[in-house]
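> just to be clear, the model below is a prediction. Sequence and coordinates:
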Amino acid sequence: KAGIVIAGTTSPLAKFRFTATDEAMTINKLCFLVVPTSTVSVSSTDAQGGEDEVTAIQLFDGTSQIGASSYSVVKGGTDAGLVVIDNLGWPIARNQDKVLTVKGVMNAIDINSANEADSGANVYVQVASSTFEAAGATALDTAITATAGQKKVVYRNIPTITRIDLPSTSLNANPVAAHF
């Protein structure tokens, strides 16, 4: 089931749960891929591009923004769609779960430009298995399993359907049943 995101807005794209089991950990490095497919990419070298739809991402712990104000999505080339984050400093207490919300700064839709978002484009945010680092008092973890968030589809706006009452007379006059 896909979620709708509106072009030209900042919208939630994915949520990822992180757990520290043996000791408190601080996540310092993360790598995200903003891509058009659900196929989980193993590493940051597998970027496929979704940069036309999403220009930057923002990270949130609940309602609190963490890290920089935004992280740019690489445009074009072999790293298209890649976001590498260093020095995040996001703490997770021992035996605690935290949910990281990734919001996307969505590009506008412009049918006259190849560099703008495309209506109906799929967007997935993935955590890559490379460029990860979580440090604790005694441990340094550099391994993470790559995973993808849920599918999002970009549209110019949200379609609404309004129900109107049909006249009680005859249907032969072809009344309009709904407005789009």
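That came through fine. Since the model is a prediction, treat every value here as computed from it, not as a measurement. Residues are numbered from 1 along each chain as shown.

> pLDDT weak spots in this protein?
1, 40-51, 166-180 (pLDDT under 70).

> what do you get if the cut-off is 50, keeping everything else the same?
44-45 (pLDDT under 50).

> what is the neighbour count of the residue nearest to residue 96 when sequence neighbours are not counted?
Excluding the flanking residues, the one nearest residue 96 by C-beta to C-beta, 6 or more residues apart in numbering is residue 20, at 6.1 Å. In short, each C-beta sits where N, CA and C put it, glycine included. A count of nearby residues for residue 20, using other C-beta atoms under 10 Å, gives 21.

> now the one 4 residues further on
A count of neighbours around residue 24, defined by other C-beta under 10 Å, yields 14.

> from memory it sits against residue 94, does it?
Yes: the pair residue 24 / residue 94 is scored as a contact, 4.8 Å apart, by C-beta atoms under 8 Å.

> residues contacting the residue nearest to residue 96?
Under the criterion of C-beta atoms under 8 Å, 6 or more residues apart in numbering, the neighbours of residue 20 are 92, 93, 94, 95, 96, 134, 136.

> any idea how far it lies from residue 88?
14 Å (C-beta to C-beta, to the nearest Å).

> what of residue 80?
22 Å.

> do residue 54 as well
Distance from residue 54 to residue 88, by C-beta to C-beta: 19 Å.

> count the residues that sit near residue 13.
26.

> phi, psi for it please.
phi -110, psi -30 (degrees, to the nearest 10).

> just to check, it is in contact with residue 5?
Yes: between residue 13 and residue 5 there is a contact under C-beta under 8 Å: 6.9 Å.

> so what sits against both of the two?
By C-beta under 8 Å, 6+ apart, the residues touching both residue 13 and residue 5 are 104, 123, 152.

> tell me the spacing between residue 72 and residue 80.
Taken as C-beta to C-beta, the span from residue 72 to residue 80 is 12 Å.

> now swap in residue 63 and tell me
Going from residue 63 to residue 80 by C-beta to C-beta gives 31 Å.

> more neighbours: residue 54 and residue 88, which one.
Set side by side, residue 54 and residue 88 show more neighbours around residue 54, with 28 against 19, by other C-beta under 10 Å.

> tell me the contacts of the residue nearest to the more buried one when sequence neighbours are not counted?
Leaving out its chain neighbours, the residue that sits closest to residue 54 by C-beta to C-beta, 6+ apart is residue 104, at 4.1 Å. Each residue near residue 104 by C-beta under 8 Å, 6+ apart is listed here: 5, 10-13, 34, 53-54, 56-58, 123, 125, 152.

> buried residues, stretch 146-165. List them.
For stretch 146-165, a neighbour-count test (16 or more other C-beta atoms under 10 Å) marks 146, 148, 149, 151, 152, 154 as buried.
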